[in-house]
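>>> Sharing a sequence plus its predicted fold:
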Amino acid sequence: MSPFFVMSLLFGLTFSQTASLCAPSEYIIYVEKRECAYCLAINTTICAGFCMTRDSNGKKLLLKSALSQNVCTYKEMLYQTALIPGCPHHTIPYYSYPVAVSCKCGKCNTDYSDCVQEKVRTNYCTKPQKLCNM
């Protein structure tokens, strides 16, 4: 094997782990409360993208550390709070939501992430919308 081929192969394997395309992405969250008159459309950022995953047909033959199921998840995040308009006085009109500052490929943490992706579309409003730019 030529040295150029070996170096190209090593570079490709190394670069494929770092070029995972996992980054903060713009996203709109729709928030409404039964008691309030409006649905709030909030512009935020979430972590989204592709992460390298290794899975093998020979799972029983390999150590668990050799198998990797990485997802695009938060590295740094902060929470912001929005005011939902049209709420009566007895209702708490605030909604706090995460904002992705930076992302990484890693294990899914169920403390702050939904680790199951469903095909059901639930991100919509049933009431008149108000836009919130944060």
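Thanks, I have the structure now.
>>> quick one: the strands in the protein?
Assigned strands in the chain, in chain order: 22-32, 39-49, 71-83, 94-106, 129-133 (criterion: DSSP state E).
>>> Now render those strands as JSON lines, adding mean pLDDT.
Formatted as JSON lines, the strands of the chain follow (pLDDT from 0 to 100):
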{"stretch": "strand 22-32", "mean pLDDT": "91"}
{"stretch": "strand 39-49", "mean pLDDT": "91"}
{"stretch": "strand 71-83", "mean pLDDT": "92"}
{"stretch": "strand 94-106", "mean pLDDT": "93"}
{"stretch": "strand 129-133", "mean pLDDT": "65"}
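>>> of all those strands, which gets the most neighbours per residue?
Each of these was scored by mean neighbour count; the highest is strand 39-49, a mean of 18, by mean count of other C-beta atoms under 10 Å. For glycine as for every other residue, the C-beta is placed from the backbone atoms N, C-alpha and C.
>>> Between strand 71-83 and it, find me the angle.
On the basis of axes from the mean of the first three to the mean of the last three C-alpha atoms, to 10 degrees, strand 39-49 is oriented at 160 degrees to strand 71-83.
>>> List the strands paired with strand 39-49, with their directions.
With DSSP bridges as the test, strand 39-49 is paired with strand 22-32 (antiparallel), strand 129-133 (parallel).
>>> Can you check what angle separates that strand from strand 94-106?
10 degrees.
>>> In a markdown table, list the strands paired with strand 39-49 along with distance to residue 102.
Shown next, in a markdown table, are the strands paired with strand 39-49 (distance: least, C-beta to C-beta, whole Å):
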| stretch | distance to residue 102 |
| --- | --- |
| strand 22-32 | 7 |
| strand 129-133 | 21 |
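>>> Quick one: closest of those to residue 98.
With C-beta to C-beta as the criterion, residue 98 lies closest to strand 22-32 of these, at 9.5 Å.
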